[in-house]
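> The amino acid sequence is not available; the structure is as follows:
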């Protein structure tokens with residue numbers, strides 16, 4: 001099955017016309033014709049079956065014939081991750097985390113951050129492509145680049161964790177995690193969180209955790225955290 005992403009579609013929608021680029025992809029590249037059926041998601045849990053009524057590479061139109069809802073995960077995961085110096089590493093994290101399963105991603109700006117500017121439009125495209133690749137009907141939310149202290153004071157979930165490398169009394173994420181709950185995990189920059197940031201997070205009810213015995217790159221730590229939460233919640 002191939003899944004198309006169209007956030008505008010709702011359960012009230014009866015017809016839809018794709019953009020020029022998407023129409024070209026459907027008709028010219030995939031060679032779809034009138035009466036062929038496409039699968040479309042709005043990224044909010046719904047998957048629509050739609051029959052092509054106009055197979056024009058500039059103006060491909062469909063009629064919605066049915067829809068169903070994909071079962072949501074039994075937990076929600078929010079990763080707040082400091083963007084890496086090399087863009088491709090953070091983009092790799094976005095792709096893989098989306099494939100594994102994540103609800104919200106917030107790039108955070110920390111004291112030791114080496115990258116202080118991001119390209120949200122490119123990040124959105126990567127997330128969109130990975131969502132379609134994994135045949136997921138739930139599109140992760142990408143939040144704006146947010147200063148660390150602002151994120152800490154404005155966000156709350158049932159479980160709050162900070163993964164850092166400082167010598168500290170820490171549990172493993174596996175030991176600390178309670179399943180079937182909403183979870184936020186903070187992942188720092190290449191130089192780790194500063195002692196002041198760690199202290200600030202702990203004062204705001206974040207639990208310090210370790211992701212293993214080895215020192216991980218930022219993007220690797222984020223993927224390990226994402227997979228660990230998914231694995232622990234798998235029924």
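Arrived safely, thanks for sending. Bear in mind that the values here come from a model prediction, so they are computed numbers and not experimental data.
> Helices of this structure, residue ranges please.
Applying DSSP state H to the chain gives helices spanning 20-24, 87-100, 120-133, 148-154, 173-176, 195-203, 218-232.
> Outline the domain layout of this protein.
Domain ranges of the chain: 3-69, 76-232, per automatic domain parsing.
> for the longest one, the distance to its chain's centre please.
It stands for domain 76-232. Centre-to-centre, domain 76-232 and its host chain are 10 Å apart (C-alpha atoms, centre = their mean, to the nearest Å).
> So, low pLDDT: which residues of this protein?
Within the chain, no stretch has pLDDT under 70.
> list the contacts for the nearest residue to residue 145 once chain neighbours are set aside?
Spatial nearest neighbour of residue 145, chain neighbours left out: residue 107 (4.7 Å); criterion: C-beta to C-beta, 6 or more residues apart in numbering. All C-beta spots, glycine's among them, are computed from the backbone N, C-alpha and C. Contact analysis of residue 107 by C-beta atoms under 8 Å, 6 or more residues apart in numbering lists 80-83, 90, 118, 143-146.
> again, but for residue 72
Contact partners of residue 72, counting by C-beta under 8 Å, 6+ apart, are 45, 138.
> Please name the nearest non-neighbouring residue to the residue of the chain positioned farthest from its centre.
What lies farthest from the middle of the chain is residue 34; by C-alpha atoms, centre = their mean that is 33.9 Å. Sequence neighbours aside, residue 55 is the residue nearest to residue 34 in space, at 4.9 Å (criterion: C-beta to C-beta, 6+ apart).
> Relative to residue 67, how far out is that neighbour?
For residue 55, the distance to residue 67 equals 22 Å [C-beta to C-beta, to the nearest Å].
> related to what we said a few turns ago, determine which of the helices of the chain approaches residue 113 most closely.
Closest to residue 113 of those is helix 148-154 (C-beta to C-beta; 8.6 Å).
> What are the buried residues along the closest one?
Residues of helix 148-154 classed as buried by neighbour count (16 or more other C-beta atoms under 10 Å): 148-149, 151-152.
> Tell me which stretches of the chain form strands.
3-5, 15-17, 37-41, 46-54, 61-69, 76-81, 104-109, 141-142, 146-147, 159-163, 171-172, 182-187, 207-210 (DSSP state E).
> Ok, which of those strands comes nearest residue 135?
Nearest to residue 135, of all the strands of the chain, is strand 3-5, at 5.3 Å by C-beta to C-beta.
> Which elements pack onto the closest one?
Packing contacts for strand 3-5, counted by 3 or more C-beta pairs under 8 Å, 6 or more residues apart in numbering; DSSP states H and E, involve strand 37-41, helix 120-133.
> Given the shortest one, what are its sheet partners and their directions?
If I follow you right, that is strand 37-41. When pairs are called by DSSP bridges, strand 37-41 turns out to pair with strand 3-5 (parallel), strand 46-54 (antiparallel).
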